[in-house]
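Trainee: structure for this input, please:
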Amino acid sequence: MAIYSIRDLEKLTGIKAHTIRIWEQRYRMITPARTDTNIRYYTDENLRLLFNIALLNRNGLKISKLAKMNPAEIAAKGAEITQNKASVNSQIEALTLSMIDLDEVAFEVVFSDYVKDHGFEQTMLGLIYPFLDKLRVLWLTSSINPVQEKFIGQLIRRKLMSTIDQLPPIEATPGVKKIVLYSPEGEPQELALLFVQYLIRVRKIQAVYLGSSVNLSDLRDACHLLRPEFVLTILQDPIPRQSIQDYIDHAAHSIGDGSLLLTGSQLFITPVTLPSNAQIINGLDETLQFLDGLKG
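Mentor: The predicted model follows:
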């Protein structure tokens, strides 16, 4: 069983600590546990209850009314709202709960309903990416543990792989652009690259994904064989034993006549001088604009 401080609850739910204390003290809605030394802490049950209280409150139920309901009634009402196409914030909260509880069924309900209403691409853009942004904050503040992050990551990865597999491969015919994707050694951004692969293929552009932890020697060999117009990678984390500038210079040289497309936070942490065959794509919006331009 996980335990949380009131600050953890604030980070996970977005509800201010002083509001949680009011709900706890005035309305007796949240009952923290105490250690042997009388230090207050909160449990998974407290967290679930708080998520549902916040969801119902945002959907018009007053706290005074919720205070008269028991936790089971609150949970049932929260599930009803989630299933009836609640707001994106509510769906993100439902995904967060599914991660905390390691609940694959709950994840599947939220994800599938969103895909049904909005399609796969918009589900990734409008639901999963905002959720992953929240996940990064929770990870940086140690509000979730590694097993929770790995659990939700593999569920999202499986959805991406399954959807990509349903797309027919794009043949290398005249006029069809080819983009090679890879991640450097030690770079963890596989989910982002898989989604970009989907975005490329669904736009009828040829995508060749080399995988993760690709060294520059292997990249050079692949580009010599494939002759891609573009090579795309994400530099989110520092490159081990090498500066970002040095890595970019060597990567640009390794890809031959193609153009190197770069994205990721490392490009903005340290100023870099781009080789003549490299360009920065700043974030998902610019990636979509670039791909839509190739499609046209």
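
Trainee: quick one: list the elements packing against the host helix or strand of residue 106.
Mentor: Taking DSSP states H and E as the criterion, residue 106 maps to helix 104-118. Packing partners of helix 104-118 (3 or more Cβ pairs under 8 Å, 6 or more residues apart in numbering; DSSP states H and E): helix 71-83, helix 88-100, helix 120-123, helix 146-165. (Glycine included, C-beta is placed from N, CA and C.)

Trainee: angle of that helix against helix 71-83?
Mentor: Interaxial angle, helix 104-118 versus helix 71-83 (axes from the mean of the first three to the mean of the last three Cα atoms, to 10 degrees): 30 degrees.

Trainee: can I get stretch 103-121 as CSV, trimmed to CA atoms?
Mentor: Backbone C-alpha positions of stretch 103-121 (Å, rounded to 0.1, in the frame of the first residue of the first chain) are rendered in CSV as follows:
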residue,chain,number,x,y,z
ASP,A,103,-5.8,-1.1,-13.1
GLU,A,104,-5.7,-2.1,-16.8
VAL,A,105,-9.5,-2.4,-17.1
ALA,A,106,-10.0,1.2,-16.0
PHE,A,107,-7.3,2.4,-18.4
GLU,A,108,-9.0,0.5,-21.3
VAL,A,109,-12.4,2.0,-20.6
VAL,A,110,-11.1,5.6,-20.6
PHE,A,111,-8.9,5.1,-23.6
SER,A,112,-11.4,3.1,-25.8
ASP,A,113,-14.2,5.6,-25.1
TYR,A,114,-12.0,8.5,-26.1
VAL,A,115,-10.9,6.8,-29.3
LYS,A,116,-14.5,6.0,-30.1
ASP,A,117,-15.5,9.7,-29.8
HIS,A,118,-12.4,11.4,-31.2
GLY,A,119,-10.2,8.9,-33.1
PHE,A,120,-6.8,7.6,-32.3
GLU,A,121,-4.7,10.6,-33.3
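
Trainee: show me which parts of the helix holding residue 106 are buried, residue by residue.
Mentor: 106-107, 109-111, 113-115 (16 or more other Cβ atoms under 10 Å).

Trainee: got it, and stretch 25-42?
Mentor: For stretch 25-42, burial by neighbour count (16+ other Cβ under 10 Å) applies to 29-30, 32, 42.

Trainee: need those residues in CSV with distance to residue 4 and secondary structure, can you?
Mentor: As requested, the buried residues of stretch 25-42 are exported to CSV (distance: Cβ to Cβ, whole Å; DSSP: H, G, I helix; E, B strand; the rest coil):
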residue, distance to residue 4, secondary structure
29, 16, coil
30, 11, coil
32, 9, coil
42, 4, strand
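
Trainee: what ranges does this protein have for its strands?
Mentor: Assigned by DSSP state E, the strands in the chain fall at 3-4, 33-34, 40-43, 178-181, 206-209, 230-234, 259-263, 278-280.

Trainee: out of those, flag the one nearest residue 128.
Mentor: With Cβ to Cβ, the closest approach to residue 128 among the strands of the chain belongs to strand 230-234: 16.3 Å.

Trainee: and the strands of the chain, which is most packed in?
Mentor: Highest mean neighbour count among the strands of the chain (mean count of other Cβ atoms under 10 Å): strand 230-234, with a mean of 25.

Trainee: residue 50 is in contact with residue 15, correct?
Mentor: Yes - in this structure residue 15 lies within contact range of residue 50 using Cβ atoms under 8 Å: 6.7 Å.

Trainee: so the two - more neighbours on which side?
Mentor: Taking other Cβ atoms under 10 Å, residue 15 and residue 50 do not tie; residue 50 has more neighbours (25 against 18).

Trainee: that one and residue 225, how far apart?
Mentor: 54 Å (Cβ to Cβ, to the nearest Å).

Trainee: looking at the strands of the chain, which one has the lowest mean pLDDT?
Mentor: Looking at the strands of the chain, the lowest mean pLDDT belongs to strand 3-4 (a mean of 81).

Trainee: tell me which of the helices and strands packed on helix 104-118 sits most buried.
Mentor: Per stretch, and counting mean count of other Cβ under 10 Å, the top mean among those goes to helix 88-100, which has a mean of 21.

Trainee: tell me the mean pLDDT for it?
Mentor: 85.

Trainee: contacts for that helix?
Mentor: Here helix 88-100 makes contact (Cβ atoms under 8 Å, 6 or more residues apart in numbering) with 2, 12-13, 44, 47-48, 51, 54-55, 58-59, 81-82, 86, 103-104, 106-107, 109-111, 114, 126-127, 130-131, 134-135, 138, 144, 148-149, 151-152.

Trainee: okay, now the domains of this structure?
Mentor: When the chain is parsed with automatic domain parsing, its domains come out as 1-84, 91-166, 178-295.

Trainee: which one, of those, ends up nearest to residue 172?
Mentor: With Cβ to Cβ, the closest approach to residue 172 among the domains of the chain belongs to domain 178-295: 6.0 Å.
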